[in-house]
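Participant: This is a predicted model, with the sequence first.
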Amino acid sequence: MAQAIGAMTGLPTTTFNAPGIGRLLPNLFDELAPVIPDGATPVPNIFNIRLYGDQVSGVDFHVGEITTYDSPFAFEDVINVFALALALQSHKLETLISKIEAGSSIEQGLSSSPQFSGLVYLV
């Protein structure tokens, strides 16, 4: 909403990891009319600050300038997050039951299981 109000009023606006409102803005003109000061020229003075890889700020296109900062996470961190998600999903009893009910092939031992050498904690 900050982008929309900033675009309509011309007030300086800064957003942080916010979704874009480019396609939504034309539909908000009537609703935002009460907040537009008389004689205001809607000039975007909007600065959108986002982190590379942030999913929310990747939605739609932004009004105003965009500054994207490099992610503090390395590619290896992303791999570890997916590995952790896979490990957690694989640990669910529902996952195992669905495989048993489907008659999936059975392998003896742990040779085909993924091996995790460690986890990286993301803070």
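Facilitator: That came through, no problem.
Participant: can you list the domain ranges for the chain.
Facilitator: Annotated domains of the chain cover 2-69, 73-123 [automatic domain parsing].
Participant: Contact partners for residue 69?
Facilitator: 49, 50, 51, 52 (CB atoms under 8 Å, 6 or more residues apart in numbering). In this view, the C-beta of every residue, glycine as well, is placed from N, C-alpha and C.
Participant: Return the member of those residues nearest to residue 67.
Facilitator: Checking the contacts of residue 69 against residue 67 by CB to CB gives residue 49 as the nearest, at 5.1 Å.
Participant: Could you verify that the closest one is part of a strand?
Facilitator: Yes: per DSSP: H, G, I helix; E, B strand; the rest coil, residue 49 lies within a strand segment.
Participant: one step back: which of the domains of the chain has the lowest mean pLDDT?
Facilitator: The stretch with the lowest average pLDDT out of those is domain 73-123, scoring a mean of 58.
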